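[1] structure here, sequence nowhere to be found:
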């Protein structure tokens, strides 16, 4: 259903950026450097493998993860990669992407969630962060009603860290629980066994709908030959114990035999092709058109110093179709910009920070979210927020209850939500602007993004103030300049380390760091994926708003 958003409905944002100014050029250079760093990190995550591991892969007749992905996806279609820098600098620094190449791609004309074990990383062993990434992929599959395709080649849990993988609600066992839920919801799960699937890995395969089993190196068993020998004294090979002939001819665990990895992927594509095509949620769409302004100008718009203000409308103008934006309550609650636009033809309601959240901006957000929810308009949050305003006058005017209304609306609205952290993301501002804890369908960060309870300098200042107050009560002198410095420096250093985008993405606090230029396309792909699930009417409603 297409309609033209003509001039009487929306007007293009008029940019006021001077691309020739020194400040713009310095901002541009700073962001360009961050994006170059991001490209290097992405390349390292995809290619940094030991020669020994690469040789072993060739000797075994297996295909590398990238080749598997290329064969699986439809030609010339986009791939929305999820958490490509997961586990960066964790463990020994070599568990790239948590050992999983994963994302949303098009297979046989259908959008699916793809997960591929990278056997060149510790033999495909699962680390705690690997379990967390798998759970995230399952959440994406469930929330967006997307079929799941897994190409499995895993040595199983990394045993030295088994206590961090095994027992808890967000551990490996939850993966199988989610598989049962996916099955109950009728979401297809297709798996190709391209290597060892041991213990929990065997259950994960067996709980799938359809299993393709590769000759030569695919094997499924609860306990491998060494464990069987130790437990029973029985001598048996991996192929005898859990190979494709056993499971396709005798046990019935597997459904299809494949000659090699490429053949298995061809069978996967045939299975996906035969899946019923669910009609997507229909929105009142517009004909897509590019922004009026060059998206690369975003590099120069966003300040290299997060404390320096920039007008968020300049960012919106380089993301939305035709740079057209219908602003809601433009003169009220001006530190939060709300309004309607289109991204790749999809209608969206945008909430974007232009400063600290005040009483009026929180109330405006609540009203706008309710309107979009009623009209089934997806929400996009552009975060650059230090938090809510504080102080006696604002407490007297009810900032706490107004913030509660906004958080309540963000939590309970039923339309798909998408968040991009384009600058600061601090404190309750992170929550109110749909941070990870508030279940946006997808959340991305720009490479300049910072996240935490507060900035390092602010945290240090608070601690110094508290310490001086304690000293005063105890009759002690205030901290000296040297003592303040000794207290501040480690706090600021820790905030810088733990608040940057790479620390966040390594731990899956987001779905990936993205080049600002790609924001529009990434959001378009994310919205497209989300529309595979219905926008539910049955759970519409809000909790109690404290008036």
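    Okay, I see it. Because the structure is predicted, anything quoted here is derived from the model rather than measured.
[2] ok, now which residue in this structure is the farthest from the centroid?
    residue 475 (50.5 Å; Cα atoms, centre = their mean).
[3] quick one, phi psi at residue 442?
    phi -140, psi 150 (degrees, to the nearest 10).
[4] for residue 418, see how far away the closest residue in space to it that isn't next to it in sequence is.
    Spatial nearest neighbour of residue 442, chain neighbours left out: residue 526 (4.4 Å); criterion: Cβ to Cβ, 6 or more residues apart in numbering. Where you see a C-beta, it was placed from the backbone N, CA and C, and this is true even at glycine. Computed with Cβ to Cβ, to the nearest Å, the distance linking residue 526 and residue 418 is 5 Å.
[5] give me the common contacts of these two.
    441, 442 (Cβ atoms under 8 Å, 6 or more residues apart in numbering).
[6] which one's more surrounded, those two?
    Between residue 526 and residue 418, counting by other Cβ atoms under 10 Å, residue 526 is the more crowded of the two (27 against 24).
[7] how much space separates the more buried one from residue 230?
    Distance check for residue 526 against residue 230: by Cβ to Cβ, it reads 48 Å.
[8] residues near residue 265, how many?
    Per other Cβ under 10 Å, the neighbour tally for residue 265 reads 26.
[9] likewise for residue 145?
    20.
[10] give me the distance between the closest residue to it other than its chain neighbours and residue 416.
    Spatially, and ignoring its direct neighbours in sequence, residue 145 is nearest to residue 533 (4.1 Å; Cβ to Cβ, 6+ apart). Residue 533 sits 8 Å away from residue 416, taking Cβ to Cβ as the criterion.
[11] next SSE downstream of the longest strand belonging to the chain?
    Looking across the chain with DSSP state E, the single longest strand is strand 417-426. With elements assigned by DSSP states H and E, the helix or strand that comes after strand 417-426 is helix 427-432.
[12] centre of the chain to that following helix, how far?
    Relative to its parent chain, helix 427-432 has a centroid offset of 18 Å by Cα atoms, centre = their mean, to the nearest Å.
[13] what about residue 325, neighbour count?
    For residue 325, the count of nearby residues is 23 (other Cβ under 10 Å).
[14] which residues touch it?
    Here residue 325 is in contact with 10, 11, 12, 13, 313, 316, 317, 339, 340, 341, 350 (criterion: Cβ under 8 Å, 6+ apart).
[15] over to residue 106?
    73, 74, 77, 78, 112 are the contacts of residue 106 under Cβ under 8 Å, 6+ apart.
[16] between those, which has the most around it?
    The residue in the contacts of residue 106 with the most neighbours, by other Cβ under 10 Å, is residue 112 (25 neighbours).
[17] that residue belongs to a strand?
    Yes. Read with DSSP: H, G, I helix; E, B strand; the rest coil, residue 112 is one of the residues of a strand.
[18] which residues touch the closest residue to it other than its chain neighbours?
    Spatial nearest neighbour of residue 112, excluding adjacent residues (Cβ to Cβ, 6+ apart): residue 147 at 4.6 Å. By Cβ under 8 Å, 6+ apart, residue 147 lies in contact with 110, 112, 113, 141, 187, 188, 189, 190, 272, 275.
[19] residue 526 versus the second one, what's the distance?
    Remark: distance between residue 112 and residue 526 (Cβ to Cβ) = 15 Å.
[20] circling back: who touches the residue nearest to residue 442 in this structure?
    Taking Cβ under 8 Å, 6+ apart as the test, what residue 526 contacts is 80, 418, 441, 442.
[21] tabulate those in CSV, adding columns for distance to residue 247.
    Shown next, in CSV, are those (distance: Cβ to Cβ, whole Å):
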residue, distance to residue 247
80, 33
418, 41
441, 36
442, 36
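[22] list buried residues within those residues.
    Those of the contacts of residue 526 that meet the buried threshold are 80, 418, 441, 442, by 16 or more other Cβ atoms under 10 Å.
[23] confirm for me that the third one is in contact with residue 417.
    Yes. With contacts counted by Cβ atoms under 8 Å, residue 441 reaches residue 417, the gap being 6.2 Å.
[24] any idea how far residue 364 is from residue 339?
    Counting by Cβ to Cβ - residue 364 and residue 339 are separated by 11 Å.
[25] identify the contacts common to the two.
    Both residue 364 and residue 339 are contacted by residue 328, under the criterion Cβ under 8 Å, 6+ apart.
[26] my guess is residue 522 meets residue 514, correct?
    Yes. Look at residue 522 against residue 514 with Cβ under 8 Å: they come within range, at 5.4 Å.
[27] name the residues contacting each of these two.
    Common neighbours of residue 522 and residue 514, using Cβ under 8 Å, 6+ apart, are residue 444.
[28] about what we covered before: which one of the contacts of residue 526 sits closest to residue 196?
    Ranked by distance to residue 196 (Cβ to Cβ), the contacts of residue 526 are led by residue 80 at 29.0 Å.
[29] any idea how far stretch 314-331 is from the chain center?
    24 Å.
[30] again but with stretch 508-525, I slipped
    Stretch 508-525 has its C-alpha centroid displaced from the chain centroid by 8 Å (Cα atoms, centre = their mean).
[31] end to end, how far does it reach?
    End-to-end distance for stretch 508-525: 19 Å, by Cα to Cα, to the nearest Å.
[32] quick one: mean pLDDT for it?
    Stretch 508-525 shows a mean pLDDT of 98.
[33] buried set for it?
    Under 16+ other Cβ under 10 Å, the buried positions of stretch 508-525 are 508-517, 519-525.
[34] swap in stretch 78-93?
    Within stretch 78-93, the residues that count as buried by 16+ other Cβ under 10 Å are 78, 79, 80, 81, 82, 83, 84, 85, 86, 87, 88, 90.
[35] show me the residues you listed that map onto helices.
    With helices defined by DSSP state H, no entry of the buried residues of stretch 78-93 lies inside them.
[36] export those to TSV and tack on distance to residue 380 and pLDDT?
    Output for those, formatted as TSV (distance: Cβ to Cβ, whole Å; pLDDT from 0 to 100):
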residue	distance to residue 380	pLDDT
78	19	97
79	21	98
80	16	98
81	20	98
82	18	98
83	20	98
84	22	98
85	23	98
86	24	97
87	28	96
88	26	96
90	30	94
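[37] returning to that earlier point: now, the contacts of residue 325 that are in helices?
    313, 316.
[38] out of the contacts of residue 325, which end up buried?
    Among those, those scoring as buried are 10, 13, 313, 316, 317, 339, 340, 341, 350 (criterion: 16+ other Cβ under 10 Å).
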